[in-house]
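> missing the sequence, but the structure's below:
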């Protein structure tokens, strides 16, 4: 079956080439050629394979991408909890902030532009609302952050867009007031009462444990059996790599190497490479110390932002200001949509200089919380005057 000819998917073309030079993504990370048949459910047993000779991942740029997307941690003096950084690092960061200024220092500029506009918030989860931790299952947001996000949602339509599965990110956030887009926007949930545009072939009205009635939008639904099979194969083939963790995010699968010794990175990359050779309709993308396997469809966090704005009836209005806050390479697709369309502001969360399509920056989740609290106070003040 060819996805391009089925009515089950709204996506009619494969991803268009993007300008990767700015983000440092090698051309080898672009989608695989569109040949080969789709997955069939005939395979019930998964043969275990050892990784190849490691030549592939050295020559195709995967290892370079893994290193560039995984900056070293700052050293901390355990007794004093003091970060140790060099003067050169500080100078580089402050020079970078001249181009991507702090959203806190630029708050008046942002709110002046947002005055008399409907602000719509989009928030990444890991590294934005919660700190990056060694175990992704323990990436909990604080009660104060949860309260802050709840207050934001009282005044602005708010969506969590995460690479995690929709169910998992909902479990971590636990707020019914929000919209949720899991699997990098490939699995979207929002209450039926808020769904304005329902003319999508992958929109499903259903009963959900989280909310009594919801609309689901899953542009990659055809790939779910394939992703499940790849997930199980990844688990089997990486089980001897100490520290490796594989997660099934429903519409994509991820292999975390945060706790893997760097000398074993070629091995884990080769394992993923060898598996993907058998799945030409899946592609690899890089996150922060994570390899992510996704369907080759023209969909990402930027497309999810556009879809959500259209569904809410807010896509073609000059009176709308979308704000997207995120910390990872996958958030760049959303930043790019907002920048190129001159539609809103992307805010990158980073304590180190990075090439980005964002307009502003914040250093860490604590600054994200401060920015969101300021936004709520500004809205409350505006309502009085």
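Done, it's in. Everything numeric here is computed off the predicted structure, so don't read it as measured data.

> report the contact partners of residue 107.
Contacts of residue 107 were listed using Cβ atoms under 8 Å, 6 or more residues apart in numbering, and they are 371, 374, 378. Placement of C-beta: from N, CA and C, glycine included.

> tell me which stretches of the stretch 201-350 of the chain form helices.
Shown for the stretch 201-350 of the chain, the helices assigned by DSSP state H, counting those that start in this stretch span residues 224-237, 265-276, 301-311, 332-340.

> mind giving me the packing neighbours of the second one?
For helix 265-276, the packing partners by 3 or more Cβ pairs under 8 Å, 6 or more residues apart in numbering; DSSP states H and E come out as helix 55-59, helix 62-68, helix 224-237, strand 253-256, strand 282-287, strand 290-295.

> pull out the buried positions in the second one.
When you say that, I think you mean helix 62-68. For helix 62-68, the buried set under the neighbour-count rule, 16 or more other Cβ atoms under 10 Å, comprises 62, 63, 65, 66, 68.

> which of these sit farthest apart?
62 and 68 (10.9 Å; Cβ to Cβ).

> that older thread, TSV please, covering the helices of the stretch 201-350 of the chain and showing mean neighbour count and distance to residue 121.
Formatted as TSV, the entries for the helices of the stretch 201-350 of the chain read as follows, by neighbours: other Cβ atoms under 10 Å; distance: least, Cβ to Cβ, whole Å:
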stretch	mean neighbour count	distance to residue 121
helix 224-237	19	29
helix 265-276	21	34
helix 301-311	22	11
helix 332-340	22	12
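
> excluding its backbone neighbours, what's nearest residue 361?
If you skip the residues right next to it in sequence, residue 361 has residue 100 as its closest partner in space, 4.4 Å away by Cβ to Cβ, 6 or more residues apart in numbering.

> okay, that neighbour: pLDDT?
At residue 100 the predicted local confidence, pLDDT, stands at 97.

> quick one: low-confidence ranges for the stretch 101-250 of the chain?
Regions of the stretch 101-250 of the chain meeting the criterion pLDDT under 70 cover residues 191-215.

> the same query, at a cut-off of 90, please.
Confidence mapping of the stretch 101-250 of the chain against pLDDT under 90 gives the ranges 116, 132-137, 177, 190-220.

> strands of that one, start to end?
According to DSSP state E, counting those that start in this stretch, the stretch 101-250 of the chain carries its strands in the segments 118-123, 158-161, 179-182, 187-191, 203-206, 214-217, 245-248.

> still on that earlier bit, quick one: the helices and strands packed on helix 265-276 as TSV, columns for distance to residue 345 too.
Putting the helices and strands packed on helix 265-276 into TSV (distance: least, Cβ to Cβ, whole Å) gives the following:
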stretch	distance to residue 345
helix 55-59	37
helix 62-68	25
helix 224-237	33
strand 253-256	28
strand 282-287	22
strand 290-295	26
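
> nearest to residue 273, of the ones you listed?
Counting by Cβ to Cβ, and looking across all of the helices and strands packed on helix 265-276, nearest comes helix 55-59 at 5.1 Å.

> touching, residue 145 and residue 371? I think so.
No: under the criterion of Cβ atoms under 8 Å, residue 145 is not in contact with residue 371, lying 11.7 Å apart.

> neighbour count for the two, which is higher?
Ranked by neighbour count (other Cβ atoms under 10 Å), residue 145 and residue 371 place residue 371 first, with 23 against 20.

> next, the more buried one: secondary structure please.
Assigned state for residue 371: helix (three-state reduction, DSSP: H, G, I helix; E, B strand; the rest coil).

> how about it: what's its closest non-neighbour residue?
The shortest distance from residue 371 to any residue that is not its chain neighbour, by Cβ to Cβ, 6+ apart, is 5.3 Å, and that residue is residue 103.

> so that neighbour versus residue 293, what's the distance?
If you measure residue 103 against residue 293 using Cβ to Cβ, to the nearest Å, the figure is 32 Å.

> neighbour count winner among these two?
With neighbours defined as other Cβ under 10 Å, residue 103 and residue 293 compare such that residue 103 has more, 28 against 23.

> hmm, back to that, now do the same contact list for the residue nearest to residue 371.
110, 345, 347, 360, 361, 362, 367, 371.

> adding distance to residue 308, write those residues out as a markdown table.
Rendered in a markdown table, the data for the contacts of residue 103 read as follows (distance: Cβ to Cβ, whole Å):
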| residue | distance to residue 308 |
| --- | --- |
| 110 | 20 |
| 345 | 16 |
| 347 | 17 |
| 360 | 21 |
| 361 | 24 |
| 362 | 22 |
| 367 | 25 |
| 371 | 21 |
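
> what about residue 314, how many neighbours?
Counted with other Cβ under 10 Å, the neighbours of residue 314 add up to 17.

> quick revisit: can I get the strands of the stretch 101-250 of the chain in CSV with mean neighbour count?
Formatted as CSV, the strands of the stretch 101-250 of the chain follow (neighbours: other Cβ atoms under 10 Å):
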stretch, mean neighbour count
strand 118-123, 22
strand 158-161, 25
strand 179-182, 25
strand 187-191, 22
strand 203-206, 13
strand 214-217, 21
strand 245-248, 20
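
> ok, which of these comes nearest residue 138?
So among those, strand 245-248 is nearest, using Cβ to Cβ, at 11.7 Å.

> residues contacting the closest one, please?
With Cβ under 8 Å, 6+ apart as the test, strand 245-248 has contacts from 135-136, 164-165, 227-228, 231, 234-235, 238, 253-256, 259.

> centre of the chain to stretch 133-140, how far?
16 Å (Cα atoms, centre = their mean, to the nearest Å).

> buried residues in it, which are they?
When neighbours are counted by 16+ other Cβ under 10 Å, the buried residues of stretch 133-140 are found to be 136, 139.

> okay, how far is it across that stretch, tip to tip?
Distance between the boundary residues of stretch 133-140 (Cα to Cα, to the nearest Å) amounts to 9 Å.

> ok so, going back, so which of the helices and strands packed on helix 265-276 is nearest residue 333?
Each of the helices and strands packed on helix 265-276 was scored for nearness to residue 333 using Cβ to Cβ, and the closest is strand 282-287 (10.0 Å).
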